[in-house]
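1. Build me a model from this:
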Amino acid sequence: FERDFADQPPDVIVLNLSPGAAADPVPASLRIAWLAEEVPPARWPALFRHDLPDVGLRCEFIESTLSVAYAQRWDLRAGFLRAIIPNYLDGLKWQNAVARASADAAAWRAGSRTSTYHLLDRFLDRAREKKVRVVAVALPVREMYPLDDGLIAALDRAGATLLDLRAAPGLSPSDFEPDGWHMNPSGAAIFTRYLAERLPPALHR
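-> This next block holds a predicted model:
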């Protein structure tokens, strides 16, 4: 919020609530590299407190601020492998997406996933301070998923609007990519029309 909307906040922000999208992430090396580039030293205490809770992640962050090559090492590695292996990135993205979707779907079905929403709380607080309306859209995926009680509570506390479109009509399993999460062009067209119908009334609640 601080980076994109601090100076000119929009009237409305629409959030993606596909499974796990709003939960606190585990900072990966790519995200740490972005943080090292974007976050000034004055904001490091808050960063360590909220985003980088353990010593290992903090050390990786500090190393990333000192060396661009270290911060971007995974990009450099991917660039090298992409140069020597045809379709390397496409295959890697597909493999990671399938693995993540399978693991998350199993956890959601089993009810074993425990999520926190500290980052979302902070985002919603800033939006409320700036008088920005937030509409959170639960997107459809191939397999139905539950909405976490903690997520619903966070949205309620902030006065955000929840738009539950998980069961968008007209979508079939063939309208999704192999990972089961992303819609293909036909699915995107169907859902876009449905979202265009449902979003305006949600803005006037």
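2. got the contact list for P173?
-> Applying Cβ atoms under 8 Å, 6 or more residues apart in numbering to P173 gives the contacts R142. Where you see a C-beta, it was placed from the backbone N, CA and C, and this is true even at glycine.
3. quick one: it and R142, what's the gap?
-> In this view, P173 and R142 are 6 Å apart by Cβ to Cβ, to the nearest Å.
4. Check P9 too.
-> For P9 relative to R142 (Cβ to Cβ), the value is 35 Å.
5. what about these two, which has more around it?
-> Using other Cβ atoms under 10 Å as the criterion, P9 and R142 rank with R142 on top: 21 against 15.
6. I figured the more buried one was touching N184, is that so?
-> No - the pair R142 / N184 is not scored as a contact, 11.0 Å apart, by Cβ atoms under 8 Å.
7. what do those two both touch?
-> By Cβ under 8 Å, 6+ apart, the residues touching both R142 and N184 are F176.
8. Leaving out the residues flanking it, which one is nearest to R205?
-> In space, and not counting its chain neighbours, R205 is closest to T161: 5.8 Å by Cβ to Cβ, 6 or more residues apart in numbering.
9. For the one you found, list each beta-bridge partner.
-> Beta-bridge partners for T161, by DSSP bridges, are V135.
10. Disregarding residues adjacent in the polypeptide, which is nearest to F176?
-> Leaving aside its chain neighbours, F176 sits nearest to R142 (4.6 Å; criterion: Cβ to Cβ, 6+ apart).
11. give the contact list for that neighbour.
-> Applying Cβ under 8 Å, 6+ apart, one finds that R142 lies in contact with 173, 176, 180-181.
12. Give me the distance between it and P201.
-> From R142 over to P201 (counting by Cβ to Cβ), the distance is 27 Å.
13. for F80, same thing?
-> According to Cβ to Cβ, F80 stands 50 Å off from P201.
14. OK, contacts around P9?
-> Here P9 is in contact with 127, 130-132 (Cβ under 8 Å, 6+ apart).
15. how would you label it: helix, strand or coil?
-> State at P9, reduced to three classes by DSSP: H, G, I helix; E, B strand; the rest coil: coil.
16. returning to that earlier point: turn the contacts of R142 into CSV, columns for secondary structure, pLDDT and distance to W34.
-> Shown next, in CSV, are the contacts of R142 (DSSP: H, G, I helix; E, B strand; the rest coil; pLDDT from 0 to 100; distance: Cβ to Cβ, whole Å):
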residue, secondary structure, pLDDT, distance to W34
P173, helix, 93, 34
F176, strand, 93, 28
G180, coil, 83, 27
W181, coil, 82, 22
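17. Which one of the residues you listed is nearest to A36?
-> Comparing these against A36 with Cβ to Cβ places W181 closest, at 28.5 Å.
18. Need phi/psi at the closest one.
-> Phi and psi for W181, reported as degrees, to the nearest 10, are phi -100, psi -50.
19. what about this protein, any weak spots by pLDDT?
-> Scanning the chain for pLDDT under 70 picks out the ranges 2-4, 6, 25-30, 88-89, 92-114.
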